[in-house]
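> Sequence and predicted structure are below.
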Amino acid sequence: MATYNNDLRLKEIATGDESGTWGTSTNANLGLVADALSYGTKQMSADADETFTMPNATADGTRSLYLRITSAVSLTGTRAITLGPNTVSKVWVIENATTGSQSITIKQGSGSTVTVATGAKVMVYSDGAGAGASVVNANPTASSSGTVTSVAVTGTVNGITLTGGPVTSTGTFTLGGALSGVNLASQVTGTLPVANGGTGATSIAANNVILGNGTSAVQVVAPGTSGNVLKSTGSSWASAAEAAGYPAPSLTGVSLTATSASFIVATAGSITITLPASPSAGDFVVVKDGTGAAATTTFSVARNGSNIASSATDLTFDKNFAEIVMTYINGTIGWSV
């Protein structure tokens, strides 16, 4: 009586059986052996776990060395594929060609399993250990060790050349040339130091002015208020309001107290122009005889508690059409004329 206990489920003819017809069974077995070395497919019929069992002495994709597993429907989760019988010890290359972008888990019994990601191909083997049978990942792995007997190198990248060899047990590779053709946008990362021609900064705000800072990262000056100018502080630069120009003239025929940065034009004699009280260094006042009568009819510039040209004396204006600029210096000099 024939049996099918081998790993390919081939027909095993008992001694004395099939006299005159054993050739038919043998040829069928040889065909199944060929199938076991070839490509086959199996399709999952539903979105559920499924078992593919290798039949006795009958052609079936489960017997194939390369087994491509597809699905009639789109899978919604990882599904288990059981390869039977659980007594078969065999090598497969499993391809997950199912739809739905889901993994499949290959198993045989209650032992270990192998998960095959969507689109992946994995070599596995089953141990055929019965109810506790396992499926093991048998993908070959590259070795990280070995011996190199001869290596020669040559090449150029962005002007840098690498030459040398062949190197056997000892030797030298040489790196030379000058860097060129580097795409600063895509081939360079990090901050370029000032010493190497960079700014030392990762970014500079729009419209800021760059200031040198020795070998340290550059400094910047922001625009500040509209109308500002770049002004020297003596040791650096700053955004500052533009200095006021010459003040517009103010005509007067009566006595008054001037303010800093004022231009007083006297149109009558015998009046008093009083300088500002509590002035600060740099304050100035411009005084002018507007009628050309000061020599005949003088008017006064009162010091208002501050010296004028280092003297605690008011100034008498007696020059026709004269114009003087008075600038406050300090408590000793007072108003310089």
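Cool, the structure landed.
> can you count the residues close to Gly23?
Gly23 sits with 9 neighbouring residues when counted by other C-beta atoms under 10 Å. To be clear about C-beta, it is placed using only N, CA and C from the backbone, and glycine gets the same treatment.
> State whether it is indeed within a helix.
Yes. Counting by DSSP: H, G, I helix; E, B strand; the rest coil, Gly23 is part of a helix.
> ok, it - contacts?
The contact partners of Gly23, taken as C-beta atoms under 8 Å, 6 or more residues apart in numbering, number zero.
> Where do the domain boundaries of this protein fall?
Domain assignment for the chain by automatic domain parsing gives 22-137, 204-240, 249-336.
> Output the ones you listed in CSV, with mean pLDDT and distance to Ala185 appended to each entry.
Formatted as CSV, the domains of the chain follow (pLDDT from 0 to 100; distance: least, C-beta to C-beta, whole Å):
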stretch, mean pLDDT, distance to Ala185
domain 22-137, 92, 35
domain 204-240, 85, 16
domain 249-336, 95, 50
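> quick one: buried residues of stretch 56-74?
Asp60, Gly61, Thr62, Arg63, Ser64, Tyr66, Leu67, Arg68, Ile69, Ser71 (16 or more other C-beta atoms under 10 Å).
> about what we covered before: as JSON lines, the domains of the chain with distance to Thr172 would be great.
Listed next are these as JSON lines, based on distance: least, C-beta to C-beta, whole Å:
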{"stretch": "domain 22-137", "distance to Thr172": "42"}
{"stretch": "domain 204-240", "distance to Thr172": "36"}
{"stretch": "domain 249-336", "distance to Thr172": "72"}
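> Nearest approach to Leu179 belongs to which of those domains?
If you check each of these against Leu179 by C-beta to C-beta, domain 204-240 wins as the nearest, at 21.8 Å.
> centre of the chain versus the closest one, how much separation?
Put simply, domain 204-240 sits 28 Å off its chain's centre (C-alpha atoms, centre = their mean, to the nearest Å).
> Between the two ends of that domain, what distance do you get?
20 Å (C-alpha to C-alpha, to the nearest Å).
> quick one on the thing from earlier: quick one: which of the buried residues of stretch 56-74 sit in strands?
Tyr66, Leu67, Arg68, Ile69, Ser71 (DSSP state E).
> Against Thr62, how distant is the nearest residue to the fourth one once chain neighbours are set aside?
The shortest distance from Ile69 to any non-neighbouring residue, by C-beta to C-beta, 6 or more residues apart in numbering, is to Lys42 (5.5 Å). For Lys42, the distance to Thr62 (C-beta to C-beta, to the nearest Å) stands at 6 Å.
> Nothing else from me, thank you.
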